[in-house]
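# just to be clear, the model below is a prediction. Sequence and coordinates:
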Amino acid sequence: MQNIPAVADQSTTQIFLQSAERWTDKIRWQIPTTQGWDPITWKTYRNNVCCVAAYIQHEGYANPDKIGIIAHNSLNWIYAAMGVMISTAILVPIYAGNTTDQTLFMIKHSDMQVLIIGSAELAQKLIDAGLETSDVRLIILLDGDPADCNTSLPVYQFEDVSATGSQILSQQPDLINELAQNPRMDDIAYMIYTSGTTGKPKGVPLSHRNLAVSTKDWITVNGSLIPENVIDIHWLPNSHIYGWGAIGLGNLFGFESFLASPLNVLNLLPDLKPNIFLSVPAYYEKLYLIALNCSNDKAQQIKKLCELCGGKLHFMLSGGAGLKLEIKEFFLEAGMWITEGYGLSECSPTLTMNHKDDYRFDSVGKAFPSVQLKLAADGEILAKGENVFKGYYKDPDATKKCFTADGWFQTGDLGKWLEGGFLEIIDRKKDIIVTSGGKNIAPQRIERMFVDNPLIEHIITYGSGKKYIVAIITLNESSIHQRLELDEPGPSEWSKLIRRPDVMGLVQEAVDHVNLDLASYETIKYFHISWDHFSPENNLLTAALKPRRKAAIQRYQDQLDELYVLQTNTTS
């Protein structure tokens, strides 16, 4: 094991520059090519980042100017984002899968002045939607030809920006060190937008101090578990705070990170044999189910899991939603530790985490060293600490509502204390279902009981003000085809397949199994199977692949209402 890095009172940019100086010729990134992988050293990484920073600073942008980036994951995304941070301007990452309306709202609300965007096509969509009515003064394309953008705004290619930045640095060789030497820790470094599941997205400004305190706490809890010479697969969305944190973690410990995507990351595990893996629960669930279904013998299942993971995984982190206890225990039996925590973007983002030497898998761990937690009278989790933000951007009403009179941040989550000081999450306060009989039901607790069923892809329970609980269900196509020993048909055949009595029977069996462990008023009485799937593209999943409950209920409101009228199982 290596020495734990010292990060007290250091900004993200200072950590990056120190690491680049320490590991100049070491490989930081591996980029996929048609021939295999193209290595990128720390020296190349630093040079590209600093060219962006020099250009932005030379153009006159600095704190508190906002510079946004909207693009799918790429190395240029990382160069651009780190360059913005070093320039001292405020980075505003926006998820590329958002709708045009959502993206334009964030651009305008943030007072963004420079927009770094993935393609000319995406830029033109925003231009057509009214980008020129925002405060944006400059567009930088990570890919594409500026001539393809019909706008009065200046549009430059990323390569031209980098070349100009390189010329500036040749004339001002001390510029970068001057920018990073004395960061004002209470300046805003990064502003991310909430997912907007309950209304308009809110801007969450995080200061250098917020991020530094959270980093220090993370290392205190987990630093001793990170081995030297880490091989990592980076695939989480850069625009999400979890993905951005993964980049920062690699910068801190000197990871060699292979760039992947959600579509191929699991297939790469056996070949690349990473030492650590950061993921959302859905991917651990998939690995678990594949291993479980390979044999009835536990030893063979564990062997299969190790093969799927590459055989060298040492540290695994699950974030974004709860991971079922059985899955964490199974991985641990296979010699792989999955740590799980709890947090929110407003808290930079982590509040609690389990430690390998001090954990309860039925909890989200204990409070980070710099965090204070307590429960309100109704069970809502309240937090204080230097990692907690000061308030939403240009939204004093929302800020006032999210803090108590004495300064505690109201997370909106309900929890309870377990023996030993561990915290258990019950549900989102706003998601609690109150039936017409006055019973309070935590929907996510019920929904988590389906995660080990390979047939169920997503489930959303519903029933506020109603006599009983019903649900929207989507199915895993591959698992259904495998179970029924069918070839995978096209979309039109899938919509017919889910109406078959044997498929309906399999789903009813899964629901009945869960109902056995529920109180009578919690049981799912009827369900609707949708042929469609939840995804970020149709706005039913967030960038972190969490279901958007309100959006799903709105989309399927007619079908849900029918379940109370017809009182029979139906499919779309």
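Yep, it's here.
# any residues touching the lengthiest helix in the chain, and which ones?
With residue count as the measure and DSSP state H as the assignment, the chain has helix 42-58 as its longest helix. Under the contact criterion C-beta atoms under 8 Å, 6 or more residues apart in numbering, helix 42-58 has outside partners 16-17, 19-20, 23-29, 67, 78-80, 82-89, 114, 161-166, 168-169, 172, 175-176, 179, 254. (C-beta placed from N, C-alpha, C; glycine too.)
# cool, stretch 222-236 as well?
Looking at what lies outside stretch 222-236 - C-beta under 8 Å, 6+ apart - the contacts are 1-2, 4-5, 73, 242-243, 246-247, 250, 253-262, 265, 268-269, 272-280, 312, 314-315, 337, 339, 353, 355-356.
# below-threshold pLDDT in the stretch 1-150 of the chain: ranges please.
For the stretch 1-150 of the chain, applying pLDDT under 70 flags the ranges 1-5, 8.
# hey, where'd the helices end up in it?
Read by DSSP state H, counting those that start in this stretch, the stretch 1-150 of the chain holds these helices, from start to end of the chain: 12-22, 42-58, 75-87, 100-109, 120-129.
# identify whichever of the ones you listed lies nearest to Thr461.
Taking C-beta to C-beta as the measure, those were each checked against Thr461, and helix 100-109 came out nearest at 25.9 Å.
# give me the distance from stretch 108-127 to the chain's centre.
Taking C-alpha atoms, centre = their mean, to the nearest Å, one finds stretch 108-127 lying 22 Å from the centre of the chain it belongs to.
# what do you get for stretch 333-345?
Using C-alpha atoms, centre = their mean, the mean C-alpha position of stretch 333-345 is found 14 Å from that of the whole chain.
# hang on, the earlier thing: which one, of the helices of the stretch 1-150 of the chain, ends up nearest to Val388?
Nearest to Val388, of all those, is helix 12-22, at 17.8 Å by C-beta to C-beta.
# list the buried residues of that closest one.
Thr12, Thr13, Gln14, Ile15, Phe16, Leu17, Gln18, Ser19, Ala20 (16 or more other C-beta atoms under 10 Å).
# and the contacts of that helix?
Outside helix 12-22, the residues touching it (C-beta under 8 Å, 6+ apart) are 5, 7, 10, 42-43, 45-46, 49, 82, 85-86, 176-177, 179-180, 183, 189-190, 208, 211-212, 215, 248, 251-252, 254.
# buried ones only from those residues, please, as a ChimeraX command.
The ChimeraX selection below is limited to those of the contacts of helix 12-22 classed as buried (16+ other C-beta under 10 Å):
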select :5,7,10,42,45,46,49,82,85,86,176,179,180,183,189,190,208,211,212,215,248,251,252,254
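# report how many residues lie close to Leu278.
Using other C-beta atoms under 10 Å, the number of residues around Leu278 comes to 22.
# am I right that it is in a strand?
Yes - if the criterion is DSSP: H, G, I helix; E, B strand; the rest coil, then Leu278 is within a strand.
# ok, now how distant is it from Lys356?
Separation of Leu278 from Lys356 (C-beta to C-beta, to the nearest Å) stands at 16 Å.
# thinking again about what came up before, show me which of the buried residues of helix 12-22 is closest to Lys384.
Set against Lys384, the nearest of the buried residues of helix 12-22 by C-beta to C-beta is Thr12 (22.9 Å).
# which residues are in contact with the residue nearest to Ala80 when sequence neighbours are not counted?
The shortest distance from Ala80 to any residue other than its chain neighbours is 4.9 Å, reached at Ile116 (C-beta to C-beta, 6 or more residues apart in numbering). If a contact means C-beta under 8 Å, 6+ apart, then Ile116 has Ile67, Gly68, Ile69, Ile70, Ala71, Ala80, Val84, Ile140, Leu142, Phe158 as its contacts.
# what sits opposite Ile116 in the beta ladder?
Applying DSSP bridges to Ile116 yields these beta-bridge partners: Ile69, Ile140.
# and it, how far from Leu91?
For Ile116, the distance to Leu91 under the criterion C-beta to C-beta works out to 10 Å.
# is the residue nearest to Lys374 when sequence neighbours are not counted in a helix, a strand, or coil?
Beyond its immediate neighbours in the sequence, the residue positioned closest to Lys374 (C-beta to C-beta, 6+ apart) is Leu382, lying 5.2 Å away. Counting by three-state DSSP, the backbone at Leu382 sits in strand.
# ok, the buried residues of helix 12-22 vs Arg499, which is closest?
Thr12 (52.2 Å).
# just checking, His355 touches Glu340?
No - contact criterion C-beta atoms under 8 Å: His355 and Glu340 do not qualify, at 10.9 Å.
# which residues are in contact with both of the two?
Overlap between the contact sets of His355 and Glu340, as judged by C-beta under 8 Å, 6+ apart, is given by Gly365.
# which of those two has more residues huddled nearby?
Set side by side, His355 and Glu340 show more neighbours around Glu340, with 23 against 16, by other C-beta under 10 Å.
# host element of that one?
strand 337-343 (DSSP states H and E).
# just to revisit the earlier point, now the buried members of the contacts of helix 42-58.
Neighbour counting by 16+ other C-beta under 10 Å classes 16-17, 19-20, 23, 26-29, 67, 78-80, 82-89, 114, 161-162, 164-165, 168-169, 175-176, 179, 254 among the contacts of helix 42-58 as buried.
# shaky segments in the chain?
Residues of the chain meeting the criterion pLDDT under 70: 1-5, 8, 182, 196-199, 488-492, 544, 566-572.
# any idea which strand is longest in it?
For the chain, the strand that runs over the most residues, judged by DSSP state E, is strand 409-418.
# bridging residues for Trp337?
For Trp337, the residues forming beta bridges with it (DSSP bridges) are Phe315.
# that one contacts Met316, correct?
Yes - with the criterion set as C-beta under 8 Å, Trp337 and Met316 qualify as a contacting pair; they are 6.5 Å apart.
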